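J.: Only the shape, not the letters, is given here:
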């Protein structure tokens, strides 16, 4: 007896989503703000001391490496515009553990970057406070730095708590102001550089004082300044028209940021007036984090350069802190929504509609690290985790390109998969090279990863599995029988036709009709959010119920949510031990490279149970059924199905005609074989109104169609022909179904476990079985 599970599914947990209110300009400015922050002020001088005049090359190469991974972000961000960015893509493409790790690393990396920006803000504010001669209350510069750092973290945590629109508005003002100040820096710097004698020799003599090793170290030091575009993807769920705007925002932000870095680098090397006997890059390296401030003091008129650049530093670090606060809270919100962090992270403020707890906890994490941890080593660890995250995203973009080939993408990575592979190599190389700069950073990164994996495998993976939305959401059981005809329906016409045929076959086998509607949930939504589609198939199932009840057949109905319709049908068939899947085919497909279409092809190619594809024409009373046969399991199934349809004829006896096509001028051996085929396919089938017909013909399809005159239904076994022939000409059964003037049923037996395994792991064989022979195909 078949074992079926008819339990009613539990309701899914309530899911949360964010509103879309960020336009192209706002989201681009968020990305620019994330890329042009403390790095351009704090790291430019240090990098110049390491790389020399090749500082410009460092910025250019980092921009190119960034662009490679940014292409993956643009493709996936336009296709999956859901809060969480790289975390969700890795989770979708590589699995739960990898996805958790991506989010875990991204959350800390952005929080650490925010701590670094806040500390830089505190130092710049303390310097300006001292220059202004304001009272310090006896506090040292370090104490003032920590005080200002605390205030700015609290301020931007409050701004993000208020909502995305306020966040974007503040970010726009901060970022535009910062870019304007840097533009003045470049303008005055270029003017000063052109007045400097033989300034160009600074770039032509001794361009690589420390070789490419210095370039690679400087790339590692400054890479954190180039990752801000990832913040755009983090906010994808709030972007207006994400398919169009996310790729544009990512590439726009990178173009703006890299251009500014290159101009600042050229200005710093070319316009600096170093002490006598010292080269410009050596002086910049000596000045370290205040190098750019010193250059500004030299090139700005009226001696206001230091004040202006310190103010610009304040604005830049505020912009970057705003962006990283925004990003870290969105990552933790997405992880909380997926139960990869405690559920409190997924709570939405009832009035402001922001993930307020995710914002507050992320802000607290930034504050804790800025006060308690050795930030320079943790910042390097953030670099490593960003690089590892980008490594995962590039693997995910390749996996998802194959896993979801028909996904609507606003942008596609060119020269695939060469670009992602190069990005993987570059990210891996830079991550490993950072070990020579800071082994402590690698130790910290490994420790954070280990802690995360332990938390996931010991707790969050179990919570995730318990809370994960179930695919079967509505299920109604009227009665359960041992034989089941699965009838997937997507519209009223299918429901009416397949409901009737399914009821006839179920009644003949003393079984039931299992009516299924699959509500396809697009990848941009979670399965839980797909609950809104639950009722759309109810009317179709009601039609099947009416058809089945009219024939006296019991009905069992299911509405199922899923990403892939074919896989949802397959799972339903296996879970309910169905004996036959009845599919409707309109006679054409919009899917290139398919015979019947992406859904039917996937099921017919490797059927979990017997399958019948119905090409429906105008209904007429059954008087005669034509069955082309050639022996084999598919021909036997075709005869069995035809006889079952005939036994329930409504207008007297129905004749079943078995047709075997032999070549013109056939030998007696061919006719003997045809008789043997008839005996084989009729073995064990008791029906008295069977006619046997042997017909000569050179064109099998034409012969079958000619013999179909006077028949009301054709039942034919599925063919198995070479893929090339299928795509160019269509297989024999498909051609008959497409061209016949009457309804055609194409049937195929289920795959054996071994055959199913081979079909999934080995290339398609070129032999044919079943009705391809019935149509005169190869033997």
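T.: All right, it came through fine. Nothing here was measured: the structure is a model prediction, and the numbers come from that model.

J.: residue boundaries of the strands in this protein?
T.: 472-477, 484-488, 512-520, 555-562, 580-585, 610-615, 624-628, 655-662, 690-696, 713-717, 743-748 (DSSP state E).

J.: Mind checking those strands for the one nearest to residue 389?
T.: If you check each of those against residue 389 by CB to CB, strand 555-562 wins as the nearest, at 28.7 Å. Heads up, the C-betas are built off the backbone N, CA and C, glycines and all.

J.: in its sheet, what does the closest one sit against?
T.: With DSSP bridges as the test, strand 555-562 is paired with strand 472-477 (antiparallel), strand 512-520 (parallel).

J.: Worst mean pLDDT among those strands?
T.: The minimum mean pLDDT among those belongs to strand 472-477 (a mean of 45).

J.: could the strands of the chain be laid out in CSV, adding mean neighbour count?
T.: Below are the strands of the chain laid out as CSV (neighbours: other CB atoms under 10 Å):
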stretch, mean neighbour count
strand 472-477, 18
strand 484-488, 29
strand 512-520, 26
strand 555-562, 23
strand 580-585, 24
strand 610-615, 23
strand 624-628, 27
strand 655-662, 23
strand 690-696, 16
strand 713-717, 30
strand 743-748, 26
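
J.: Now do the residue nearest to residue 91 when sequence neighbours are not counted, the pLDDT please.
T.: The spatial neighbour of residue 91 that comes closest, neighbours along the chain excluded (CB to CB, 6 or more residues apart in numbering), is residue 99 at 2.3 Å. Residue 99 carries a pLDDT score of 80 in this model.

J.: cool, the one 3 residues further on as well?
T.: Each residue has a pLDDT score; the one for residue 102 is 85.

J.: and the residue nearest to residue 217 when sequence neighbours are not counted, how many neighbours?
T.: Once flanking residues are discounted, residue 217 sits nearest to residue 50: 5.2 Å by CB to CB, 6+ apart. Here the number of neighbours of residue 50 (other CB atoms under 10 Å) works out to 24.

J.: Span of stretch 224-232 from start to end?
T.: The straight-line separation of the ends of stretch 224-232 (CA to CA, to the nearest Å) is 15 Å.

J.: Just give me how far that stretch sits from the chain centre.
T.: Distance of stretch 224-232 from its chain centroid, counting by CA atoms, centre = their mean, to the nearest Å, is 20 Å.

J.: can you give me how far stretch 39-59 is from the chain middle?
T.: Centre to centre, stretch against its chain (CA atoms, centre = their mean), the figure for stretch 39-59 is 36 Å.

J.: Could you measure from residue 258 over to residue 31?
T.: Applying CB to CB, to the nearest Å, the value for residue 258 to residue 31 is 12 Å.

J.: Compare those two (neighbour count), which wins?
T.: Between residue 258 and residue 31, residue 31 has the larger neighbour count (other CB under 10 Å), namely 29 against 20.

J.: who's in contact with that one?
T.: Contacts for residue 31 (CB atoms under 8 Å, 6 or more residues apart in numbering) come out as 228, 229, 231, 232, 249, 250, 252, 253, 254, 257, 323.

J.: Residue 120 - how many residues pack around it?
T.: 27.

J.: quick revisit: with pLDDT added, can I get the contacts of residue 31 in CSV?
T.: Listed next are those as CSV, based on pLDDT from 0 to 100:
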residue, pLDDT
228, 73
229, 79
231, 72
232, 79
249, 89
250, 89
252, 91
253, 89
254, 90
257, 88
323, 72
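
J.: of those residues, buried ones?
T.: 228, 229, 231, 232, 249, 250, 252, 253, 254, 257, 323 (16 or more other CB atoms under 10 Å).

J.: Just these: which are in helices?
T.: If you go by DSSP state H, those have 231, 232, 249, 250, 252, 253, 254, 257, 323 in helices.

J.: Of the residues you listed, just say which sits nearest to residue 291.
T.: When these are ranked by distance to residue 291 (CB to CB), residue 257 comes first, at 19.2 Å.

J.: those helices in the stretch 251-400 of the chain, which residues are they?
T.: Remark: helices assigned in the stretch 251-400 of the chain by DSSP state H, counting those that start in this stretch are 280-287, 291-299, 305-337, 356-372, 375-403.

J.: okay, the ones you listed, which one's buried deepest?
T.: Of all the helices of the stretch 251-400 of the chain, helix 305-337 has the most neighbours on average by mean count of other CB atoms under 10 Å, namely a mean of 27.

J.: Next, the buried residues of the longest helix along the chain.
T.: Longest helix in the chain, counting residues (DSSP H): helix 96-131. Buried residues in helix 96-131, counting neighbours by 16+ other CB under 10 Å, are found at 96-129.

J.: if we can go back for a sec, worst average pLDDT in the strands of the chain?
T.: strand 472-477 (a mean of 45).

J.: pretty sure residue 615 is touching residue 583, no?
T.: No. Counting by CB atoms under 8 Å, residue 615 does not reach residue 583; the two are 10.1 Å apart.

J.: Counting neighbours, what do you get for the residue lying closest to residue 584 once chain neighbours are set aside?
T.: The shortest distance from residue 584 to any non-neighbouring residue, by CB to CB, 6+ apart, is to residue 494 (4.2 Å). Around residue 494 there are 23 other residues, counting by other CB under 10 Å.

J.: Now do the contacts for the residue positioned nearest the centre of the chain.
T.: For the chain, the residue nearest the mean C-alpha position is residue 89 (4.9 Å; CA atoms, centre = their mean). Taking CB under 8 Å, 6+ apart, we find residue 89 in contact with 76, 80, 102, 393, 396, 397, 400.

J.: got it, and residue 704?
T.: Residue 704 sits next to 626, 628, 659, 661, 714, 716, 736, 775 when contact means CB under 8 Å, 6+ apart.

J.: Quick check: which ranges of the stretch 151-300 of the chain have low pLDDT?
T.: Along the stretch 151-300 of the chain, the parts satisfying pLDDT under 70 run over 163-171, 234-238, 289.

J.: Return, as residue ranges, the portions of the stretch 651-779 of the chain with sub-threshold pLDDT.
T.: The stretch 651-779 of the chain contains residues with pLDDT under 70 at 719-730, 751-779.

J.: hmm, try it at 50
T.: 721-730, 754-779 (pLDDT under 50).

J.: how about the helices in it?
T.: 668-682, 700-707, 723-729, 732-739, 753-761, 771-774.

J.: where does the spatially closest residue to residue 499 that is not a sequence neighbour land on pLDDT?
T.: Sequence neighbours aside, residue 547 is the residue nearest to residue 499 in space, at 3.2 Å (criterion: CB to CB, 6+ apart). Per-residue confidence at residue 547 stands at 88 (pLDDT).

J.: any idea how far residue 45 is from residue 547?
T.: Distance from residue 547 to residue 45, by CB to CB: 79 Å.
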